[in-house]
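Asks: Predicted model, plus sequence, below.
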Amino acid sequence: MPAESPYPSIDIPNVGIWDLLFERKDRSFPDSQVIFQDASSSRSYTYGQVKQVATDFGKGLKGLWDWQRGDVLGVYSPNCIDTPAVTWAVHFAGGIVSPANPGYTVEELAFQLKDSGAKALITQVPQLKIALEAAKIAGIPDDRVILMGDQRAEAGRFKHFSSIRNTSGTQRYRRAKVDPDKDLAFLVYSSGTTGKPKGVMLSHRNIVANVLQMHHNETNISEKDSLLAFLPFFHIYGLTCIMHFAFYKGSRCVVMPKFDIEEWCRIVQDEKITFAYVVPPVVLLLSKHPAVDKYDLSSLRMMSSGAAPLTREIVEAAHKRTNLKVKQGYGLSETSPATHMQQWDDWQRHIGAVGQMLPNQTAKFMSPEETEVPVGEVGELWIKGPNIFKGYLNNPEGTANALTDDDYFKTGDVGYLDKEGNFYITDRVKELIKYKGFQVPPAELEGLLASNDKIDDVAVMGIYKEEIASEVPLAYVVPKKGVEASPQLEKEIMEWLAKKVASHKRLRGGVKFTDEIPKSASGKILRRMLKARYLEEEAK
Ligand code: 4UV
């Protein structure tokens, strides 16, 4: 029998994101509530200012570039307090946001812009050069590259988004109507269970549902809280769980463009941060980094970790040293993302669990033969609910592989459910590697490495490094005939790849040389066999 969420089912109104955030009747905080505050300048946005700026730019967008409902704006920027207003302006104008990692290379960004069909791109001055090159490849003219952030003086001939507005009250500039279940709000990129990154189609309803599902669990967070937002708004975890959720709750959100443990601790102390969504490597740093002792972190009532596995040892070490509490959450880009969250008082009772299923969802664990396994037994997690994505953009095959006819989504994660309704994630059947919570699709690196003229064949896999509480990518390489497998070649390959990919995709696990990559009869890399071989070699 599939498991139901232990929560009573909740009412998810048939509205778009704008209505959820700006038209709600039950808001308990004023327009003057400061929500987004820049960690490194005096800039901030109140709730009312976000609404005003989003309305102004939304109207401006409707008058630009023959903007149509369903058009896509690419966002290529580190965390910035303008991102929320820009995002919701796009929704005002009936458009879709496709956020990209600001560390992407020209090729990586161009791929996403082309694939998502982005009509225009917004970036910041430091990212402008790469943005322009990528936009050119994707066929986006220079005058559709606009800027945000606080570098107006340097913007030159490029428009700053805040100057794009239209104050005429004609019908054309009214807020676009959206069909919450059909109209997309975001195209985020994920490799899913296999292959290269794909556009994950998230509707307005998906995001509205997930904010309300989380709201039902995170009852301890309110407008009195202060959150520290260092997780990127371009990744679904920061996008929904921080940017949308903090705004819905009215919690002040101190926004960091880049993570640094000492700076993080300083901000927690000086800004009296009460809650933070984090990833496992941060919890590890809290358990051992020398800088941590210099700061008073006692305002922090709870943290919630997700995006990668968190071990009991790390939770306990961090708690022992700092007295901080860490609960867990779990989710995926395809689930908008949060499917499971621990309740606050569960953090110590069920260390290692990712929590209970959020409301309005059903889940089951499946054997490799796709039959349901009984409660307590290990299987692949399949889940359904209003937060499940609409499919992969222009990829019917990928969509058919991920979604069943009866609307279950196959997560590619392996785990089990205990008798008290706690879910545990123990493994992955999909290829994905996670470096500090960021996706590294092995197929993408394999494709690039295979084009190196010294490489005959290659397979990439993730290995876990305890010292950083994260997986890192490692490549097994078969050198071309006559090419010597040497430490120099390893270095050369690592440096060659580093120039072609964003930093989180580098081969931090190194290169291992082999005579052959194990493959199935159909040519699929036998990753489990390779991993077993790696572990065997390491144990020697
Ligand atoms: O698609 P994605 O990059 O998405 C995420 C989402 C992270 C979230 C979402 C909601 C939360 O409340 C939260 O705490 C974290 O990372 O990658 C999805 C894959 O990341 C792994 C798992 O393999 C997913 O398929 N993953 C995410 N959370 C966990 C995890 C976890 N707590 N434990 C183990 N693996």
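Replies: Ah, there it is.
Asks: does any part of stretch 332-339 sit near the ligand?
Replies: Yes - interface with the ligand: stretch 332-339 contributes 332-333, 337-338 (C-beta under 6 Å from any ligand atom). Heads up, the C-betas are built off the backbone N, CA and C, glycines and all.
Asks: Need the residues that contact that stretch.
Replies: Contact partners of stretch 332-339, identified using C-beta atoms under 8 Å, 6 or more residues apart in numbering, comprise 188-190, 192, 200, 202, 206-207, 209-210, 213-214, 236-237, 240-241, 306, 329-331, 357-358, 361, 363, 383, 385, 387-389, 402, 409, 411, 413.
Asks: tell me, which of those make contact with the ligand?
Replies: 190, 236-237, 241, 306, 329-331, 411, 413.
Asks: Please narrow the residues of stretch 332-339 next to the ligand to those residing in helices.
Replies: Judged by DSSP state H, those include no members of helices.
Asks: would you list those in a markdown table and tack on distance to T87?
Replies: Below are these laid out as a markdown table (distance: C-beta to C-beta, whole Å):
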| residue | distance to T87 |
| --- | --- |
| L332 | 20 |
| S333 | 16 |
| P337 | 16 |
| A338 | 18 |
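Asks: hang on, isn't M461 packed against L530?
Replies: Yes - in this structure M461 lies within contact range of L530 using C-beta atoms under 8 Å: 5.8 Å.
Asks: mind checking how far stretch 520-534 is from the chain centre?
Replies: 28 Å (C-alpha atoms, centre = their mean, to the nearest Å).
Asks: Please apply the same query to stretch 246-261.
Replies: 15 Å.
Asks: how about that stretch against the ligand, any contact?
Replies: No - with C-beta under 6 Å from any ligand atom as the measure, stretch 246-261 is seen stopping short of the ligand, the closest distance being 13.4 Å.
Asks: Setting aside sequence neighbours, what's the nearest residue to the closest residue to the ligand within the chain?
Replies: Residue of the chain nearest the ligand, by C-beta to the nearest ligand atom: G306 (1.9 Å). Counting by C-beta to C-beta, 6 or more residues apart in numbering, the nearest residue to G306 once its immediate chain neighbours are dropped is G329, at 4.1 Å.
Asks: Confirm the one you found sits in a strand?
Replies: Yes - membership of G329 in a strand is supported by DSSP: H, G, I helix; E, B strand; the rest coil.
Asks: so it bridges to which residues?
Replies: M341 (DSSP bridges).
Asks: hmm, back to that, which residues do M461 and L530 both contact?
Replies: Y476.
Asks: sorry, back to before: among the ones next to the ligand among the contacts of stretch 332-339, which are in helices?
Replies: Counting by DSSP H, these contribute I236 to helices.
Asks: okay if I get the ones next to the ligand among the contacts of stretch 332-339 as TSV plus neighbour count, pLDDT and distance to K491?
Replies: Listed next are these as TSV, based on neighbours: other C-beta atoms under 10 Å; pLDDT from 0 to 100; distance: C-beta to C-beta, whole Å:
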residue	neighbour count	pLDDT	distance to K491
S190	20	96	31
I236	28	98	35
Y237	22	97	34
C241	28	98	39
G306	26	97	35
G329	23	97	39
Y330	28	98	37
G331	26	98	38
T411	25	98	37
D413	22	96	34
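Asks: buried set for the helix or strand that contains V315?
Replies: Assigned by DSSP states H and E, V315 belongs to helix 312-322. Judged by neighbour count using 16 or more other C-beta atoms under 10 Å, the buried positions of helix 312-322 are 314-315, 317-319, 322.
Asks: Just checking that helix against the ligand, any contact.
Replies: No - using C-beta under 6 Å from any ligand atom, helix 312-322 stays clear of the ligand, with a minimum separation of 11.8 Å.
Asks: Touching that helix from outside, list them.
Replies: For helix 312-322, using C-beta under 8 Å, 6+ apart, the contacting residues are 280, 283-284, 286-288, 292, 297, 324-326, 347, 351-352, 469.
Asks: quick check: mean pLDDT across it?
Replies: Averaging pLDDT along helix 312-322 yields 95.
Asks: again with stretch 119-134
Replies: pLDDT averaged over stretch 119-134 gives 97.
Asks: Kindly check the end-to-end length of that stretch for me.
Replies: 13 Å (C-alpha to C-alpha, to the nearest Å).
Asks: likewise stretch 235-249?
Replies: 20 Å.
Asks: Likewise for stretch 355-366?
Replies: Using C-alpha to C-alpha, the two ends of stretch 355-366 sit 19 Å apart.
Asks: Would you mind giving me the confidence score for M357?
Replies: Confidence score, pLDDT, at M357: 97.
Asks: burial count for it?
Replies: M357: 26 surrounding residues under other C-beta atoms under 10 Å.
Asks: Quick one: residues contacting the residue of the chain closest to the ligand.
Replies: Listed by C-beta under 8 Å, 6+ apart, the contact set of G306 reads 237, 241, 277, 279, 328-331, 338, 354, 437.
Asks: Likewise for E537?
Replies: Contacts of E537 by C-beta under 8 Å, 6+ apart are K512.
Asks: same check, this time on G379
Replies: 364-367, 372-373, 414-416.
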